[in-house]
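> sequence unavailable; structure follows:
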């Protein structure tokens with residue numbers, strides 16, 4: 001691995017931080033994907049199924065370029081024959097582009113306007129047990145927390161009353177808990193405040209509680225992985241709402257987060273990147289996807 005580091009530094013002229021990330025990517029590939037099977041040859045190391053698994057599990061901004069440069073290093077040091085290098089590089093590029101069709105899906109502003117309008121259909125006609133009134137309250141709240149505040153599913157589960165300063169219009173940054181160098185409190189968007197207030201009206205006793213009280217409940221149960229699907233099922237499977245989405249697109253927290261980031265970058269002509277870096281960190285996967293789309297707006301359109 002030391003010789004690969006030297007190659008990255010001397011031949012490619014990469015800075016220390018980028019080199020460090022490349023090394024971590026390759027070590028992840030060796031440790032988690034091929035599991036250090038030293039008795040196998042290079043053809044085994046770069047099998048299609050292994051490359052696919054790597055792309056699905058390693059989502060960072062350098063994941064693709066690290067492997068490409070590692071392949072180039074092996075080729076230039078005669079550790080892999082040139083034909084195998086070209087074939088593997090082409091295969092990896094094809095898999096990467098295929099993977100991007102999912103990971104870099106974005107929602108356009110018209111769809112965002114739709115989900116926060118009064119036009120969303122909440123009732124499932126073939127499921128009389130579905131509590132449509134609750135979903136019409138908690139659904140837009142969750143969508144707003146993801147789109148405007150960057151909340152992914154794990155952040156929603158852990159949200160408590162201590163994380164809200166509603167009198168100031170602030171919410172605790174969910175990324176701060178994992179990286180205390182980031183901003184702790186962020187200002188809530190007006191849409192998020194409106195959705196929180198509507199939720200408060202539906203659950204007045206909840207916000208009277210003192211201490212670290214969980215915020216999100218559905219059907220009397222604390223929000224968890226199973227319940228988290230319900231607000232998105234409304235968008236993805238209710239026919240009147242599904243028709244607003246292109247084929248094969250399914251809304252989830254991650255798509256809302258990266259769409260919110262992309263729209264912020266577009267609306268500020270990139271100026272919001274500084275704030276985003278202090279809020280969610282430059283190593284955030286969704287920020288990397290959104291920033292790439294911002295810089296390359298004419299690449300294959302994957303917006304919904």
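Looks like it came in fine. Since the structure is predicted, the reported quantities are computational estimates derived from the model, not experimental observations.

> show me the contacts for residue 254.
152, 286 (CB atoms under 8 Å, 6 or more residues apart in numbering). C-beta coordinates here come from the backbone N, C-alpha and C atoms, glycine included.

> how much space between it and residue 88?
The spacing between residue 254 and residue 88, counted by CB to CB, to the nearest Å, is 29 Å.

> spit out the contact partners of the nearest residue to residue 175 once chain neighbours are set aside.
Setting aside the residues directly before and after it, residue 175 is nearest to residue 280 in space (CB to CB, 6 or more residues apart in numbering), at 4.9 Å. Contacts were defined as CB under 8 Å, 6+ apart; by that measure residue 280 touches 150, 173, 175, 182, 261, 286-287.

> now intersect those with the helices, please.
Assigned to helices by DSSP state H, the following of those qualify: 261, 286-287.

> can you pull out the low-pLDDT segments for this structure?
35-44, 59-61, 99-104, 124-131, 246-248, 298-304 (pLDDT under 70).

> what residue of it is the furthest out?
When distances to the mean C-alpha position of the chain are computed (CA atoms, centre = their mean), the maximum falls on residue 78, with 38.0 Å.

> assign a three-state SS to it, would you?
The local conformation at residue 78, judged by DSSP: H, G, I helix; E, B strand; the rest coil, is coil.

> against residue 34, how distant is it?
Shown here: residue 78 relative to residue 34, a distance of 21 Å by CB to CB.

> what of residue 286?
In this structure, residue 286 lies at 28 Å from residue 34, with CB to CB as the measure.

> of these two, which one has the most company?
Using other CB atoms under 10 Å as the criterion, residue 286 and residue 34 rank with residue 286 on top: 23 against 17.

> which non-adjacent residue is nearest the more buried one?
What sits nearest to residue 286 in space, not counting adjacent residues and going by CB to CB, 6+ apart, is residue 258, at 4.0 Å.

> ok, now which ones touch that neighbour?
Neighbouring residues of residue 258 by CB under 8 Å, 6+ apart: 104, 106, 286-287, 289-290.

> any idea which of those residues is the one closest to residue 220?
Minimum separation from residue 220 among the contacts of residue 258 (CB to CB) is found for residue 286, which lies at 31.6 Å.

> the closest one and residue 150 touch, don't they?
Yes: counting by CB atoms under 8 Å, residue 286 does reach residue 150; the two are 7.5 Å apart.

> any shared contact partners between the two?
Shared contacts of residue 286 and residue 150 (CB under 8 Å, 6+ apart): 257, 261, 280.

> quick check: which element contains the first one?
Assigned by DSSP states H and E, residue 257 belongs to helix 253-267.

> the protein: strands as residue ranges?
164-165, 170-172, 185-187, 217-218, 221-222 (DSSP state E).

> against which helices or strands is the first one packed?
This means strand 164-165. Secondary structure elements in contact with strand 164-165, counted by 3 or more CB pairs under 8 Å, 6 or more residues apart in numbering; DSSP states H and E, are strand 170-172.

> name the surrounding residues that touch the strand it packs on.
Under the criterion CB under 8 Å, 6+ apart, residues 149, 162-165, 184-188, 192 lie in contact with strand 170-172.
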